[in-house]
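Trainee: the following block contains a protein sequence and its predicted model.
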Amino acid sequence: MEIFNKEIRPYVAKTFSGLENELADELKFLGAENIEIIKRGVKFEGNKELLYRANYLVRTAIRILTPVTEFKVTDEQSLYDGIKAIQWDEIMTHKQTFVMTADVFHSQIDHSHFAALKAKDALVDFFRDKIRRRPSVDKENADFYINIHISHNECTVSLDSSGESLHKRGYRIGADKAPLNEVLAAGLIKLSGWKGDVDFYDPMCGSGTIVMEAAMAAMNIPAGYYRENYAFEKWPDFDEDLWKAIKEEHDNEFKDIDINIVASDRSEKAVQIAKRNLKHAGLHKDIEISKAYFDSIVPRSKKGMLIFNPPYGMRLTENDIVRLYQEIGDVLKSNWAGHQAWIITSALDAAKFIGLRPSKRIALYNGPIEAKFLCFDLYEGSKKEKSPDYRKRKDDPGHYRTGKTKYESNPRPFHRDENNSEASEGGEKRPYRGRSHYDREDNRDNRGYDKRKSDSRSYGDRNRDEKRPSKGGSGRYDRDNRRDSNDSRGFDKKRSNYSRSQDDKGRDEKRPYRGGSEKGGKRDGEKRSYRDNDNKGKRPYKKDSGSKSFRGDEKKPYKKKEDGAPDKKRDSKKVTVRFKRKRLD
C-alpha cells in the first residue's frame, strides 16, 4: 500500500489532556518534524525508525497512529462505503486477525460502538466480495489494530502501531484499588520538573506506579523495556534488524542513581503488591518501600520532591476527606520544610484544607475524572521572605516594612508653619497636602469616635432618651424589645408578665400562687390567704384590674380610692393572670 512505501510518514501520538506539551518535547528530542499540538495528541512526521523509537522510548504517549485515509461521513452508509473502498488486501491477509475501535465527536453518527461495528462489516465484506473469505476478529491479541476517528463529519482511518495501549509497560503484575495510569504517572514526573538530582518520595504509593516511573526515568530505562510486543511487528514493511538495533542501543544506556527513592503506604496489602511489582521489574534494590503513615516518614535530606496521589473522597465521607487533607497540610508544614510537594486530586474543596497556597495549578484528567496537579513550595519561614523583592525592600531603610516610620527613617522631618510658606526645620519647602480626615471638625464629635463608621452608643448613654437595644428580639433597634420608659419596675414586658422586683413585696398587688407546701402561710400585706376554706374552688383575681367579667358571673371589684390618696397612673398594658394550682391528693 502507498502508506508503507513512503519514506516520511505522518503520525499521530495520543495522550492525556494536559500532557500535550510534554509529549511534543519528547518527540522533538527524538527528531520528529512538523510537530503540531492537537487536543489530547500531537501530530508529527518522520521515518520508520522514528516510529520504532517513539513506541519504545516515549513515556507520555498512549498510542502512536499511522493515518491511512480520510473521507467525509454524513451517515452510516457513507461510513460503510468509505471503509470498503480501502484496499485492505494490501495491508493484511484474510488469515490475519484484526480489531476495530472508534472515537466519535460532533458527528451525525453519535455512537462509537455502532461506528466500529459498521466499519468492521465493511472490511469483512471487502474480503468476502473479493476472495469469498473473511478475516476474523480478535479483541485480545489481534494482528492489526484499526482506529476510526470521526470528528465534525470527517473520518480518519489509521493503523495503530502500538497495539495495546502504551501505558501497559509490562512491569506491573498486580494492582491495588484504583491504580494510577503509568502514562499519567510519567507525565506528573515530567510536569514537576524532577531530573533525578534530589530525593524522591511517594508517601501514598499504592501499587508503586509513581516511584517505578521515577526510577525508570532516573536510571534511563526505556518506557517499553518490559513490554513483549508491538503491533507494527506484524506489518508488511516491518524491519526486524532495525528494531533490534534500536533496542540494543538504548538498553545499554542504563545508569545507576545516587539518590533516595522512597515509597510508603499505610495499607499492608498495597505495600506487598508494590514489593512484588518492584521485584518483577528488578527495581527492589533501588527503591525503599515500607508500611508507614505519612507523619512518621523522616526526610533523608534537606531538599527533595514529593509526588503522591491521595484519595479523592469517592469512598470516604466528607468529614473523613477533610480531616485527611488537613493532616496532609500539617505534616507538610512541620516535617518537610525545604522540599517541594506535588499532589494530584479531584477533591478541590477538601484540598483547600491543606492550608497552603499552591504555586502552580495544572488541569489534568485521571481517566474520566477531572483533576488538578497542585504544587506546594515548602519553606521554613514565610514565603514572601524568600522573594528577592522582599529582601530588597528589607534593605531599604525608608521602606514601611522595615519597622520604622517615615519620620524615623528621615533624619529631618518636615513641619508646616502657620504661614504655609516654608518648613520649620531644614529650610526646605514641603508640599501642602491639606488636612487629614480626622483633622476635620465635622468628622468627630465630643465623645471621640467616628460618626461615619459607627452609630453605637457607649455605656454612659443609658439614661438618655434613646435606650440601648435589647439583646433579644429580631432587630437591633426594635422598639418592642426596648424597656418601657413609663415602667418604673424596670422589667422586660416581652420576656415575662409574671416577674416582679423586690420593691413589689409590700404592694397591694399579690404574687401568683404557685402551690407547694404548707410552710408558705399568709404573705405580708395580705388580709386573707388563697388557701382558706372559704375560697375553695374559686379562682383568685387581681383586685385593681377593673370590673370586666373574668369568669362566668363573677366580677372583679374596684379598689376604692381613699380620700386624699394621690393619683396613681395605672398601666393598662400589664395584666397579671393569677391562678391556683390544683392539689393532688
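Mentor: Looks like it came in fine. Residues are numbered from 1 along each chain as shown.
Trainee: angles on the backbone of residue 290, please.
Mentor: Main-chain torsions, residue 290, degrees, to the nearest 10: phi -160, psi 160.
Trainee: tell me, how many residues neighbour it?
Mentor: With neighbours defined by other C-beta atoms under 10 Å, the count for residue 290 comes to 13. Quick note: C-beta positions are derived from backbone N, CA and C, even for glycine.
Trainee: ok, it - contacts?
Mentor: Shown in contact with residue 290 (C-beta atoms under 8 Å, 6 or more residues apart in numbering): 263-264, 271.
Trainee: so it versus residue 278, what's the distance?
Mentor: 12 Å (C-beta to C-beta, to the nearest Å).
Trainee: any idea which helix or strand comes after the longest helix anywhere in the chain?
Mentor: In the chain, taking DSSP state H as the definition, the longest helix is helix 112-131. Per DSSP states H and E, helix 112-131 leads on to strand 136-137 as the next helix or strand towards the C-terminus.
Trainee: in its sheet, what does that next one sit against?
Mentor: Strand 136-137 sits in its sheet next to strand 97-105 (parallel), going by DSSP bridges.
Trainee: could you dump the strand it pairs with to CSV, C-alpha only?
Mentor: C-alpha atoms of strand 97-105 as CSV (Å, rounded to 0.1, in the frame of the first residue of the first chain):
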residue,chain,number,x,y,z
THR,A,97,-6.9,-11.1,12.8
PHE,A,98,-8.0,-7.5,13.5
VAL,A,99,-9.8,-5.4,16.0
MET,A,100,-11.7,-2.2,15.2
THR,A,101,-12.1,0.8,17.6
ALA,A,102,-13.8,4.1,17.0
ASP,A,103,-13.8,7.6,18.5
VAL,A,104,-16.8,9.8,17.6
PHE,A,105,-17.1,13.6,18.3
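Trainee: so that strand versus helix 112-131, what angle?
Mentor: If you take axes from the mean of the first three to the mean of the last three C-alpha atoms, to 10 degrees, strand 97-105 sits at 140 degrees to helix 112-131.
Trainee: okay, buried residues for strand 97-105 please.
Mentor: Residues of strand 97-105 classed as buried: 97-102, 104 (neighbour count, 16 or more other C-beta atoms under 10 Å).
Trainee: quick one: which of these is nearest residue 236?
Mentor: Of all the buried residues of strand 97-105, residue 98 has the smallest distance to residue 236: 14.0 Å, by C-beta to C-beta.
Trainee: so what pLDDT did the closest one get?
Mentor: Looking at residue 98, its pLDDT stands at 95.
Trainee: pretty sure it sits against residue 144.
Mentor: Yes. With contacts counted by C-beta atoms under 8 Å, residue 98 reaches residue 144, the gap being 4.3 Å.
Trainee: got any residues that touch both of the two?
Mentor: When contacts are counted by C-beta under 8 Å, 6+ apart, residue 98 and residue 144 are jointly contacted by residue 92.
Trainee: below-threshold pLDDT in the stretch 251-400 of the chain: ranges please.
Mentor: Residues of the stretch 251-400 of the chain meeting the criterion pLDDT under 70: 315-318, 381-400.
Trainee: now the strands for it?
Mentor: Assigned by DSSP state E, counting those that start in this stretch, the stretch 251-400 of the chain shows strands spanning 261-265, 288-291, 304-308, 340-345, 360-366, 369-377.
Trainee: coming back round to it: and the longest helix of the chain, what does it pack onto?
Mentor: helix 76-84, strand 97-105, strand 144-151 (3 or more C-beta pairs under 8 Å, 6 or more residues apart in numbering; DSSP states H and E).
Trainee: so can I have JSON lines of those showing distance to residue 11?
Mentor: Listed next are these as JSON lines, based on distance: least, C-beta to C-beta, whole Å:
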{"stretch": "helix 76-84", "distance to residue 11": "21"}
{"stretch": "strand 97-105", "distance to residue 11": "17"}
{"stretch": "strand 144-151", "distance to residue 11": "12"}
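Trainee: for residue 249, find the nearest of those.
Mentor: Closest approach to residue 249 among the helices and strands packed on helix 112-131 (C-beta to C-beta): strand 144-151, 26.2 Å.
Trainee: need the contact partners of whatever helix or strand comes next after the closest one.
Mentor: As assigned by DSSP H and E, the chain's next helix or strand after strand 144-151 is strand 154-160. Contacts to strand 154-160, defined as C-beta under 8 Å, 6+ apart, come from residues 3, 12, 63-73, 79, 82-83, 86, 91, 101, 119, 144-150, 231, 235.
Trainee: ok, back up a step: what angle do the longest helix of the chain and strand 154-160 make?
Mentor: Per the same axes, to 10 degrees, the angle that helix 112-131 makes with strand 154-160 is 70 degrees.
Trainee: then helix 112-131 to CSV, C-alphas only?
Mentor: Output of helix 112-131 as CSV, limited to C-alpha atoms (Å, rounded to 0.1, in the frame of the first residue of the first chain):
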residue,chain,number,x,y,z
SER,A,112,-18.7,4.9,18.8
HIS,A,113,-19.6,1.3,19.2
PHE,A,114,-22.0,1.4,16.3
ALA,A,115,-19.4,3.1,14.2
ALA,A,116,-16.9,0.4,15.0
LEU,A,117,-19.4,-2.3,14.1
LYS,A,118,-20.3,-0.7,10.8
ALA,A,119,-16.6,-0.3,9.9
LYS,A,120,-15.9,-3.9,10.7
ASP,A,121,-18.7,-5.0,8.4
ALA,A,122,-17.3,-3.0,5.6
LEU,A,123,-13.8,-4.5,6.0
VAL,A,124,-15.2,-8.1,6.2
ASP,A,125,-17.4,-7.5,3.1
PHE,A,126,-14.4,-6.3,1.2
PHE,A,127,-12.6,-9.6,1.6
ARG,A,128,-15.8,-11.7,1.1
ASP,A,129,-16.7,-10.0,-2.1
LYS,A,130,-13.1,-10.3,-3.5
ILE,A,131,-11.9,-13.8,-2.4
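Trainee: mind listing what's buried in it?
Mentor: For helix 112-131, burial by neighbour count (16+ other C-beta under 10 Å) applies to 112, 115-116, 118-120, 122-124, 126-127.
Trainee: among those, which one sits closest to residue 207?
Mentor: Nearest to residue 207, judged by C-beta to C-beta, of these is residue 112 at 29.7 Å.
Trainee: quick one, what contacts that closest one?
Mentor: By C-beta under 8 Å, 6+ apart, the contact set of residue 112 is 102-104.
Trainee: just send the residues you listed back as TSV, with pLDDT too.
Mentor: Below are the contacts of residue 112 laid out as TSV (pLDDT from 0 to 100):
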residue	pLDDT
102	94
103	91
104	92
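Trainee: which one of these is nearest to residue 204?
Mentor: Nearest to residue 204, judged by C-beta to C-beta, of the contacts of residue 112 is residue 103 at 32.7 Å.
Trainee: the closest one bridge partners, please.
Mentor: In this entry, residue 103 is beta-bridged to residue 149, by DSSP bridges.
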